[in-house]
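Undergrad: please work out how this folds:
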Amino acid sequence: MSLRIARAERPLADRWRHVRVEPRGATRIGISFRPLQAEGLGLVPRAALSALLEHPYELVRLAALWNRMEPAPGVFDFSPLDWQVDAAESAGKQLILALGAVKNFGYPEFFVPDHHLPAPLPEGSLVSEASHPELLRGALAFLARVVGRYRDHESVIAWQVEHEAVDPLGIEHSWRLSTGFVKREIEEVRRLDAKRPILLNGFLPMSIPVAAQQWWRTRDQGDSLSLAEEAAGIIGVDVYPCHALGAAGGWTVYLDAQEHAWRKRARRLLERAGAQGRRLMIAEGQAEPWEAVATPPNPSGRAMASCPPERVIENYNRCLVLARESGSPLDAYLFWGAEYWLLRQQAGDDSYLSAFQRILASD
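TA: You can find the predicted model right below:
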C-alpha cells in the first residue's frame, strides 16, 4: 500500500481508451443501484436507473431500506423498492436484493427506523440478541415482509443479509452486530426461502495497516469476510484499491494499493472458495472516486485522483487476473459507482460510462 500526497483533481485524460480489458469468461457483470446517492448527486433516481438499465449487463443489486419502507409504526410501504424491481425486471436483469435489516449498502449504511430504536446504539458495543432483543424482533419482521413480497419473482437470484455484517459501521460508528444477531437473520431468511442462496459481503483490506486495524476491531468474533466464508451461499468481496484519508489546502492524502499488498488474502479466499465449490463475487468493485467528502466531486474537464476513468477498468482487471491465477473464476463482478457515471455524462464527460461499455463489449 502506498501512502501518497497528491492534488485531488487531475486533467481528464483518455487512458481509459487504451487499457487492455481482461476477458471475463463466465463472470457475470452487474451494478449496484443507490437511489439516495442519485438524489445526492442531483439526479432523478427513476431516470437514472432507466438510463443504467439500457446497458447489456446481467445483474443489478438493489437495497430494501428499512426506514424508507416502514416510515411509521404499523405503516409499511413497498413502493420505494417496487419501482426499482419492476424497472430491472422489465429490462431483463437478474436481481440480488439486499435486505438489511440494520445495515445496507449506500451512505449512511444504517437504515433502522427511529421507532425501532429509541436510543442510539452504544459506541464500542456488540449489538446482540441479548442486548437489543426488540431490534432483532423488528429486523426479523422486516426481513419476513420483504422476502414474502419478492420471493415469487424469478428475477431474484439471491438475498443479501446485512452489509459488511459484523464490521464496525464505517468510521462514524464503532458498534458492531454480533455474529449471533446476523445468524438469526440468516436463519429467518432461509426459513422463508430455502431455495435461494444468501450473500454476505465484507471489506477486503488493501494494506497491512488496514488489515491490522480491522483484525483488532473484530478480533473477538472475526470480520465480515470470515463470517461470509462460514455462513454464506455466496461470498461477496468489497474492493476499494484507492481512497482518501484526509485533505487540506487542495492536497489529499491517499492510500493507494499496490499489487503485493492485498493479493495474499484475496488469493486464499479464492482458493478456498474454489476448493469447496463455493461461489465468490466482487460485490463492490470501486468505479467512482472515494475522496475526503461523502459525495464524489464532479470537476469540469478533470478527474479525481482516487478513481479516474481508467481505474474502472484497471480495478476490474486486477480482480479477474487474480481469480484466473487462483483457478477460481469469479461468479460475478458488480461495479460500484454507476450513478456517478451519469453525473459525469450529464456534465459532458462520457469517459466513465465508455470505460464500462468497453468492459461489456469484451469477451
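Undergrad: now the spatially most central residue of the chain, what's its secondary structure?
TA: In the chain, the residue lying closest to the centroid (C-alpha atoms, centre = their mean) is Glu284, at 4.1 Å. Three-state assignment for Glu284 (DSSP: H, G, I helix; E, B strand; the rest coil): strand.
Undergrad: which residues of the stretch 251-363 of the chain fall in helices?
TA: 259-276, 309-326, 338-346, 351-361 (DSSP state H, counting those that start in this stretch).
Undergrad: how about those helices in TSV, adding mean pLDDT?
TA: Below are the helices of the stretch 251-363 of the chain laid out as TSV (pLDDT from 0 to 100):
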stretch	mean pLDDT
helix 259-276	84
helix 309-326	96
helix 338-346	98
helix 351-361	98
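Undergrad: now these in JSON lines, with mean neighbour count?
TA: Yep, even glycine has a C-beta here, placed from its N, CA and C like the rest. Compiled in JSON lines, the helices of the stretch 251-363 of the chain are given as follows (neighbours: other C-beta atoms under 10 Å):
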{"stretch": "helix 259-276", "mean neighbour count": "16"}
{"stretch": "helix 309-326", "mean neighbour count": "21"}
{"stretch": "helix 338-346", "mean neighbour count": "22"}
{"stretch": "helix 351-361", "mean neighbour count": "19"}
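Undergrad: between those helices, which gets nearest to Val75?
TA: Of all the helices of the stretch 251-363 of the chain, helix 338-346 sits nearest to Val75, with 28.0 Å by C-beta to C-beta.
Undergrad: between helix 351-361 and the closest one, find me the angle.
TA: Helix 338-346 and helix 351-361 are oriented at 120 degrees to each other (axes from the mean of the first three to the mean of the last three C-alpha atoms, to 10 degrees).
Undergrad: now helix 338-346 - C-alpha only, CSV.
TA: Only the C-alpha atoms of helix 338-346 are listed here, as CSV (Å, rounded to 0.1, in the frame of the first residue of the first chain):
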residue,chain,number,x,y,z
ALA,A,338,-22.8,3.8,-11.6
GLU,A,339,-24.8,6.9,-10.5
TYR,A,340,-21.6,8.9,-10.6
TRP,A,341,-21.0,7.9,-14.3
LEU,A,342,-24.4,9.5,-15.1
LEU,A,343,-23.4,12.7,-13.3
ARG,A,344,-20.2,12.8,-15.3
GLN,A,345,-22.1,12.2,-18.5
GLN,A,346,-24.6,15.0,-17.6
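Undergrad: so which elements touch it?
TA: With contacts taken as 3 or more C-beta pairs under 8 Å, 6 or more residues apart in numbering; DSSP states H and E, helix 338-346 sits against helix 35-40, helix 45-52, helix 351-361.
Undergrad: how close does Leu126 get to Tyr352?
TA: As judged by C-beta to C-beta, to the nearest Å, Leu126 and Tyr352 stand 39 Å apart.
Undergrad: actually, Arg278.
TA: Arg278 sits 32 Å away from Tyr352, going by C-beta to C-beta.
Undergrad: hang on, the earlier thing: show me what the residue nearest to the centre of the chain is bridged to.
TA: When assigned by DSSP bridges, Glu284 has beta-bridge partners Asp238.
Undergrad: residue contacts, it?
TA: Ser32, Phe105, Asn201, Gly236, Asp238, Val239, Tyr240, Leu334, Trp336 (C-beta atoms under 8 Å, 6 or more residues apart in numbering).
Undergrad: for the closest residue to the first one other than its chain neighbours, pull up the helix or strand it's in.
TA: Translated: Ser32. Nearest residue to Ser32 in three dimensions, chain neighbours excluded: Arg61, at 4.3 Å (C-beta to C-beta, 6 or more residues apart in numbering). Using DSSP states H and E, Arg61 sits in strand 59-63.
Undergrad: and whichever helix or strand comes after that strand, how far from the chain's centre?
TA: Heading C-terminal from strand 59-63, the first helix or strand you meet, by DSSP H and E, is helix 66-69. In terms of C-alpha atoms, centre = their mean, to the nearest Å, the centre of helix 66-69 is found 19 Å from the chain centre.
Undergrad: can you tell me what sits against helix 66-69?
TA: Here helix 66-69 has contacts from 76-78, 80-81, 100-102, 104, 111-114, 116, 139, 142, 146, using C-beta under 8 Å, 6+ apart.
Undergrad: show me these that map onto helices.
TA: When DSSP state H is applied, these are split such that Pro80, Leu81, Ala139, Phe142, Val146 fall in helices.
Undergrad: pLDDT below threshold where in the stretch 1-150 of the chain?
TA: Where the stretch 1-150 of the chain drops to pLDDT under 70, the residues are 1.
Undergrad: tell me where it has strands.
TA: Remark: strands assigned in the stretch 1-150 of the chain by DSSP state E, counting those that start in this stretch are 2-7, 9-11, 28-32, 59-63, 94-100, 126-127.
Undergrad: by contact count, what packs against the last one?
TA: Using 3+ C-beta pairs under 8 Å, 6+ apart as the contact criterion, the elements in contact with strand 126-127 are strand 176-177.
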